[in-house]
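Colleague: Give me the fold of what follows.
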Amino acid sequence: MGRLSSELVRRIRMSGPLTVAEYMRLCLTHPTLGYYTTRSNVLGAAGDFTTAPEVSQMFGEMVAVWCASMWATSIGGPFDLLELGPGRGTLVRDVLRCFELWNRRGAGLLDAVHIRLVEASPVLRLLQKELLYPWIDRIRWYNTLEEVPIDRPIIAVAQEFFDALPVHQFVKTDRGWCERLVDIDEGTRSPCTLRYVLSRGATEAVETYKASLDAIGVDAVEISPEAMSTIGMLCDRIGSDRGKGATLVVDYGKVPENPLSLRGIRAHRQEHSLAHPGDADLSVDVDFATLIRCSKDRGNVRCYGPVSQSSFLRSMGIDTRLDRLIAENQSNPDIVSTLRGSFQRLMNPDEMGSIYKCIALTHPDNPEPQGFSQ
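Modeller: Next comes the predicted model:
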């Protein structure tokens, strides 16, 4: 039994089963035993998963195009580039490289940008500081979004951020809505120390969301209070007169046939979500419909999308960028092969192209964002 598993068992014996949200929070962000707070090798081939910015520089370059378009049409002066959950810092690095290039051509983006990174993991912060050292003087780090000041217009990016936010899971039964909980598995043949059980009756979370659950029209659902709170804070920032800007969200899209989507990811393979607490990533499909509804309810932003990742990247010009990179490296067939392979991974409907969705939120006065034509 791992150290975090022992801690979870101890807590359950003392206080009873955990909600799925509590389980996720402890697994990912426990101060001394959490996956993100203690591990530096979570990303890339040697880690557990690979995000789009790690697949190819082209992803970050297309995000840079989007940011530049929003800046040119809506801001034109000093602004904050805010990323939530920057991983190793690869996306910000590729965006800043583009800004540097365009700055030399007179665009002024690099002179205008201030970087704000929301990162709770001290281990990942160290990696980010190393990778982003050339721009270290213009970067500030924050533990939470609440800490980020609204000093100037904001362009925010959340790429594979919402999928790691804790969810409550609910199941409709003959006795009404019950919450899915994490309990100790006393079975000797079980591969896990833990198991899922249903609450005996309505929990606090069931009572809180009962009206929404009754209206939802399904028998099982995940609800993330943190996702709704985060999207609300983003709306309040970019929708304000001082923060007047935009947000880009890129993440897994919810699949109707998989309403309870929580899974573990370890060594680039999916596994049972209870198999390796603290030693595997945990991820859920993002409920974009709820994010959009919460944004519209806020009343201070316009919402666009969702569109597929492939559609968004194509609108930004990724095909042209691939052709140019291939032309620059045509004497090296290995690089060309890598470029083509990474392009396919980003764009292929059977890989990242369709399952990843994008939405944009903008201040009501801003024009329609590139890549989200209605």
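
Colleague: Do a quick rundown of the helices in the stretch 251-374 of the chain.
Modeller: Per DSSP state H, counting those that start in this stretch, the stretch 251-374 of the chain carries helices over the ranges 288-298, 309-316, 318-328, 333-347.

Colleague: Any regions of the stretch 251-374 of the chain where pLDDT drops low?
Modeller: Where the stretch 251-374 of the chain drops to pLDDT under 70, the residues are 255-257, 374.

Colleague: Next up, the contacts around V182.
Modeller: Going by Cβ atoms under 8 Å, 6 or more residues apart in numbering, V182 touches 8, 12, 17-20, 22-23, 194-197, 274. No exception for glycine: its C-beta is placed from N, CA and C like everyone else's.

Colleague: whoops, G239 was the one
Modeller: Counting by Cβ under 8 Å, 6+ apart, G239 makes contact with 298, 300-301, 361, 363-364.

Colleague: and if you look at I136?
Modeller: Counted by Cβ under 8 Å, 6+ apart, I136 has contacts K129.

Colleague: is it fair to say it lies in a strand?
Modeller: No: counting by DSSP: H, G, I helix; E, B strand; the rest coil, I136 is not part of a strand but helix.

Colleague: State the distance from it to I115.
Modeller: 9 Å (Cβ to Cβ, to the nearest Å).

Colleague: same question, H30
Modeller: From H30 to I115 the distance is 28 Å (Cβ to Cβ).

Colleague: what's the answer for I355, then?
Modeller: Using Cβ to Cβ, I355 is found at 29 Å from I115.

Colleague: what do you get for I231?
Modeller: Distance check for I231 against I115: by Cβ to Cβ, it reads 21 Å.

Colleague: now do R175
Modeller: Distance from R175 to I115, by Cβ to Cβ: 51 Å.

Colleague: likewise Y142?
Modeller: From Y142 to I115 the distance is 11 Å (Cβ to Cβ).

Colleague: just checking, next helix/strand downstream of the longest helix along the chain?
Modeller: Assignment by DSSP state H gives helix 57-74 as the longest helix of the chain. Scanning forward in sequence from helix 57-74 by DSSP states H and E, the next helix or strand is strand 79-84.

Colleague: Tell me which strands that following strand pairs with, and in which orientation.
Modeller: Here strand 79-84 has these sheet partners by DSSP bridges: strand 113-118 (parallel), strand 154-159 (parallel).

Colleague: For the helix or strand following the last one, give me every contacting residue.
Modeller: The helix or strand immediately downstream of strand 154-159 is strand 168-173, counting by DSSP H and E. With contacts defined as Cβ under 8 Å, 6+ apart, strand 168-173 is touched by 19-21, 177-180, 198, 205-206, 209, 213, 218-225, 260, 262.

Colleague: buried subset of these?
Modeller: Among the contacts of strand 168-173, the ones that count as buried by 16 or more other Cβ atoms under 10 Å are 19-21, 177-180, 198, 205-206, 209, 213, 221-224, 260, 262.

Colleague: re earlier: who has more neighbours out of R175 and I115?
Modeller: I115 (21 against 11; other Cβ atoms under 10 Å).

Colleague: The more buried one contacts V92, correct?
Modeller: Yes: if you go by Cβ atoms under 8 Å, I115 and V92 touch, sitting 6.4 Å apart.

Colleague: which neighbours do the two share?
Modeller: Overlap of the contact sets of I115 and V92 (by Cβ under 8 Å, 6+ apart) consists of 81, 83, 132.

Colleague: out of those residues, which one sits closest to Q270?
Modeller: Nearest to Q270 among the shared contacts of I115 and V92 is E83, at 25.9 Å by Cβ to Cβ.

Colleague: I'd like to know how many residues surround the closest residue to the closest one other than its chain neighbours.
Modeller: Nearest residue to E83 in three dimensions, chain neighbours excluded: V157, at 4.9 Å (Cβ to Cβ, 6 or more residues apart in numbering). Neighbours of V157 under the rule other Cβ under 10 Å: 23.

Colleague: Next: G2.
Modeller: Using other Cβ under 10 Å, the number of residues around G2 comes to 13.

Colleague: In contact with it, which residues?
Modeller: Here G2 is in contact with 276-279 (Cβ under 8 Å, 6+ apart).
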